[in-house]
Structures are given as C-alpha cells and as structure tokens.
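**Q** My questions are about this predicted structure, shown below with the sequence.
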Amino acid sequence: MSFKSLEAFRSLTDRNVLRLQEAKAKGTHVVGQYCIYTPLEIVLAADAIPVSLCGTKNDSIPAAEAMLPRILCPLIKSSFGFALQDSCPYLAASDIVVADTTCDGKKKMFELLNKYKPVYVLQLPQAQDAEGAGFWRRQLELYKERLETQFNVTITEEKLMAAIDLVERFRLALKRVLDLSKQDPAPLSGMELLEICFRASFLPVFDERIRELDQIYEEISALKNTREEKKRPRILVTGVPTGMGSHKVVALLEECGARVVCIDNCTCYKKVRNHPEASGNALDILATRSLDIPCAVMSPNPGRFEAVANLASDFAVDAVVDLTWQGCQTYDVESWSLRQDVQEKLKLPFLQIVTDYASSDTEQLRIRIEAFLEMLA
C-alpha cells in the first residue's frame, strides 16, 4: 500500500542537499555528527544545522581500504571513504565534524579524518554511572564552548531549553510513526520504517521534520486496516546502525516472508526511547538523557537487554535478529549474552547475522534467513 504523506516526505527529502547548500549560502553553519550520543540540541542552540554523516554505502569502502584495514567495520570504512573521495555532500557542507569515542576503530579513524575536516572529539565515558555522567556533562560543556568560539555565538540557557523542547517534539513525532507497527498487521514495512528514520535525519529544518512525520502518522492511523494479509513472523532487528545502502538484512528478512516491525538501533528506535528523569540546567538534562543510550560500547550495558525485552513485548514479536557488522567487536561479543537473555528469559528464537555492506553473501544469508523463518512456522 502506498501513502500520499510518505511520497510527499520522499519528495521533500530528495531536496535536502540543495536546501542545505542554500542555508550555507545565507551564512548558516552546519555541524556533521556521527553518533546519537552527541546532543543535537547544542548545535541547534548555536543557530546551526546538525546533519548525520554518510556511512551506509559500500561504494566508498574501496577508497578507505587504501589506508584502513580491510577487516575493519564497514561503517567506519564507508564514513572515511566518503571523506577521501569528497563524495558526501553533508560532510562537504559541515563546518566542523563532532565525533564520539565509541569504539577503538572510530577513535583512530577520527585522527585520520582530522586531516580532511576539522574534527572535535567528545571523550565518551565507557560506563553509565554517576562518575561517568559527571565526566560527560563536562565534555558537553567544552563542546558548547567550542561551538561558541568557532561560530562566534553565545549559546544561552534559554536557547538550549528551547532546543531541548524542539528535539523532544521531533522524538515524539518519530516515535508515533514507529509505534504504528505495533498494529497487526503492521501498516509500514521494515524498509519503510528504516527509510523514514534515515531520511528524517538529513532534513535541515526541524519544524518540517515534525510536520512531515505528523502527516505520515495522521494518514496511516486514520486508515481502517481491513486487509487480509497472510500471517508473517514479526521480527525485532537489533544491533548495529543501518541506513539506506546498508539495509541488506532488513530487506532480505522481508523478501523471505517476515515483517520487520521494530529496528532497535541508533538509526531508528534508540532515537525515540523514553528518557530517564533529569533535572538541573540544560546541560545537566542533556548529559543525563544522552548518556543513557544503551550501546554495546558501554560496559556493562544492561539497558540494551531491558530495551529488547520491552520492545519484544510492545511489538509482539515472534523472534529477535541481532545484526552485527564484521569487525564490530563490541556488538559481536555482546551478542552471546543477548542470545542467552532472549532465549532463556523471553523464550524467543534468536538469530545473529554477521555481515558487511557488500552483496556477495546475499544468497548465503537468504538461505540462513529462510531456514530460520521456516523454523518459526
């Protein structure tokens, strides 16, 4: 089924690069971001545009492998390859790139990237405890000061609080769309969920992001679901970031007859998860909320197991698929513990898929996925 609001959203986001260039021509600054640990709000409070940076295409990887190990995570290689080729318009438009010290591969890649673009690195704590929270709060304060200096602006408490409100409205608008897949049958495919999240991250005007997402939600939620659809296994995909270009596993699951109803990664559902209680000034709130993200780089990482359990229940899934990029040690090691948790506590089937961006293993993956779905039946 096609939706007019989704087609309008695609049409609007197809013009993202042009509109970003127009904003740059008027003097608006752009900040490229690699990770959702970095709060969007600080950039918005600096009257700048935050954009996600390209790292989901296989095309740029060969260029990166001239400098980076072939066994490195494809997300890192893809991101760096775009810099070498100067082929990502969002990276090209960025006045500064902000990066987080999530994994070792990224940390070393950022050192190389700094030769091509100004890079500001946020030192992320590896534990989500009180000591880590205090350290992270100081990192955000230093980041705020860097943007103030670089862009010659003053980031006030009032601007930060207004930005917090704006991003929260965006989060809730995106969450309402993603939560539509709690319906059975789900009105949106997993590929459509992924596309919406991916495209929304590049829209330069946040009010437009919210309006477009609201229109998608209103059109789909108003429809009476009278379709008679063959029962499909409902799948929760968790794990590494994905995007258009690195969507192979999501597409294969649906081609083989499943329905991906929830994507628990930092491209999709981790962006919209409920915040922990936070008080104090704006930086206190941002530090508390952003550090709470349950990524495998955190040690320990109990939040991910809790999140998977809650999402599995909320979306009434039949199985969990854990996607890991080759060379991603944190998610690969954590997959064993997640498997135990899903199988023993949730009593759900579990499949880990380790792959990269290339299409060479597509048919092998198809056989594995078909066998897994047949087992569910």
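**A** Received, thanks.

**Q** Quick one, grab the pLDDT at the residue most central in space within the chain.
**A** By CA atoms, centre = their mean, the chain has its centre lying nearest to Thr267, at 1.8 Å. pLDDT recorded at Thr267 is 96.

**Q** three-state assignment of it?
**A** coil (DSSP: H, G, I helix; E, B strand; the rest coil).

**Q** Could you measure from it over to Gln33?
**A** Distance, Thr267 to Gln33, using CB to CB, to the nearest Å: 13 Å. Just so you know, the C-beta spots here come from the backbone N, C-alpha and C atoms, and that holds for glycine as well.

**Q** Same check on Glu131?
**A** Glu131 is 25 Å from Gln33, by CB to CB.

**Q** how close does the residue nearest to the centre of the chain sit to Pro241?
**A** 5 Å.

**Q** Looking at Glu131 and Gln33, which one has more neighbours?
**A** The neighbour count for Glu131 versus Gln33, taken as other CB atoms under 10 Å, is higher for Gln33 (23 against 9).

**Q** phi, psi of that one?
**A** The phi and psi torsions at Gln33 (degrees, to the nearest 10) take the values phi -130, psi 140.

**Q** tell me the contacts of it?
**A** 40, 43, 50-53, 97-98 (CB atoms under 8 Å, 6 or more residues apart in numbering).

**Q** beta partners of it?
**A** Counting by DSSP bridges, Gln33 forms beta bridges with Ser52, Val98.

**Q** who's in contact with the nearest residue in space to Leu53 that is not next to it in sequence?
**A** Computed as CB to CB, 6 or more residues apart in numbering, the closest residue to Leu53 that is not its neighbour in sequence is Gly32, at 4.6 Å. The contact partners of Gly32, by CB under 8 Å, 6+ apart, come to 51-53, 90-91, 93-94, 96-98, 117.

**Q** now, which of those residues sits nearest Val317?
**A** Ser52 (26.7 Å; CB to CB).

**Q** wait, the closest one sits on Ser201?
**A** Yes: Ser52 is within contact range of Ser201, at 4.1 Å (criterion: CB atoms under 8 Å).

**Q** And the pLDDT for Asn225?
**A** 63.

**Q** Hmm, Thr28 is touching Ala48, no?
**A** Yes: taking CB under 8 Å as the definition, Thr28 is a contact partner of Ala48 at 6.7 Å.

**Q** Please identify which of the two sits among more neighbours.
**A** Ala48 (21 against 16).

**Q** need the strands for the stretch 1-150 of the chain, in chain order.
**A** Ranges of strands in the stretch 1-150 of the chain, per DSSP state E, counting those that start in this stretch, are 30-33, 49-52, 96-100, 119-122.

**Q** helices and strands around the last one, which ones?
**A** This points to strand 119-122. strand 96-100, helix 104-113, helix 130-151 (3 or more CB pairs under 8 Å, 6 or more residues apart in numbering; DSSP states H and E).

**Q** Other residues contacting it?
**A** 37-38, 96-101, 107, 110, 113, 139-140, 143, 146.

**Q** what's the closest of the residues you listed to Leu283?
**A** Closest to Leu283, out of all of the contacts of strand 119-122 and judged by CB to CB, is Leu140, at 5.5 Å.

**Q** how many other residues sit next to that closest one?
**A** The burial count assigned to Leu140 is 22, neighbours taken as other CB under 10 Å.
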